[in-house]
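A.B. asks: Here is a sequence with its predicted model. Questions after.
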Amino acid sequence: RNWQSNSCLPKSGFDDSIEVLPMSDMESQFETLYKPEGGKFVGDVDLDFDGQRMLFSMPGANGRWQISEIRTDGTGLRELPLIPDADIDNYDACYLPDGNIVFTSTAAFVGVPCVQGSSHVSTLYLYNSTMGSIRQLGFGQDHEWCPTVLNDGRVLYLRWEYSDLPHFVSRILFTMNPDGTGIRQLCFDQEHNWCPTVMNDGRVLYTRWEY
């Protein structure tokens, strides 16, 4: 449901894997890069700019959602040292051009009001991969999802905008600078200020625009 996020998903019972499709010929078959044990969920894949690594969401060692990284040759699997609290979920990350990482987390301990807080709200955070520090970027009362980087360096993400809106038109694309400043709603037609009202998964949509 649109007021829920990864925190509401079951963590096992899946037949998930990360697959690679060689493009050498049209008869190529999928090759398994990584398949987790125990029927764990694996998803929210984001490829690094050099094509050598990728991020993905998966239940971590502490039983909560965590972000893992693996090389594109299947080696170097590791869980990122983000926010290890037993009550926090970290997931759905993307690389920034400077090597840092934007990810979503429930570390703000906010719940969706209209369901009595039972849905844990995810907001955007910045992980400095050099310093190992973490800083909160988003401070909304409702979800921020699917971060991805635009060609001009801004972060595109999906925001559940709660205020003065009916729920069926509440998922809107926003942009921000990688440091959390300059938050704006994304408009497709700047001249006429045309903005779609319901969107989903900015990463997929942006890929289609570029195509």
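C.D. replies: Looks like it arrived, so ask away.
A.B. asks: what does stretch 41-59 rub up against?
C.D. replies: Identification of contacts with stretch 41-59 by C-beta atoms under 8 Å, 6 or more residues apart in numbering yields 6, 9-12, 14, 16-18, 34-36, 40, 65-72, 76, 80, 91-95, 97, 101, 148, 203. Using the backbone N, CA and C atoms, a C-beta is placed for each residue, glycine as well.
A.B. asks: Can you list the buried residues in it?
C.D. replies: Using 16 or more other C-beta atoms under 10 Å as the test for burial, stretch 41-59 gives 41-42, 44, 46, 48, 53-59.
A.B. asks: where do the strands sit along the protein?
C.D. replies: For the chain, strands defined by DSSP state E occupy the ranges 18-20, 31-34, 43-47, 53-59, 65-71, 78-79, 90-95, 101-105, 123-127, 134-136, 144-149, 155-160, 171-176, 184-185.
A.B. asks: re earlier: quick one, which of the contacts of stretch 41-59 are buried?
C.D. replies: 6, 9, 11, 16, 18, 34, 36, 40, 65-70, 72, 80, 91-95, 101, 148, 203.
A.B. asks: re the thing from before, and V112, which of the strands of the chain is closest to it?
C.D. replies: Evaluated with C-beta to C-beta, the strands of the chain place strand 155-160 nearest to V112, the distance being 8.4 Å.
A.B. asks: Report the buried residues of that closest one.
C.D. replies: By neighbour count on 16+ other C-beta under 10 Å, the buried set for strand 155-160 is 155-160.
A.B. asks: looking at this structure, which helix or strand does the model trust least?
C.D. replies: Least confident helix or strand of the chain, by mean pLDDT, DSSP states H and E, is helix 202-210 with a mean of 50.
A.B. asks: where does this protein have low pLDDT?
C.D. replies: The chain contains residues with pLDDT under 70 at 2, 162-170, 187-211.
A.B. asks: ok, the residue nearest to P178 when sequence neighbours are not counted to M131 distance?
C.D. replies: Computed as C-beta to C-beta, 6 or more residues apart in numbering, the closest residue to P178 that is not its neighbour in sequence is L96, at 5.3 Å. Per C-beta to C-beta, to the nearest Å, L96 is found 14 Å from M131.
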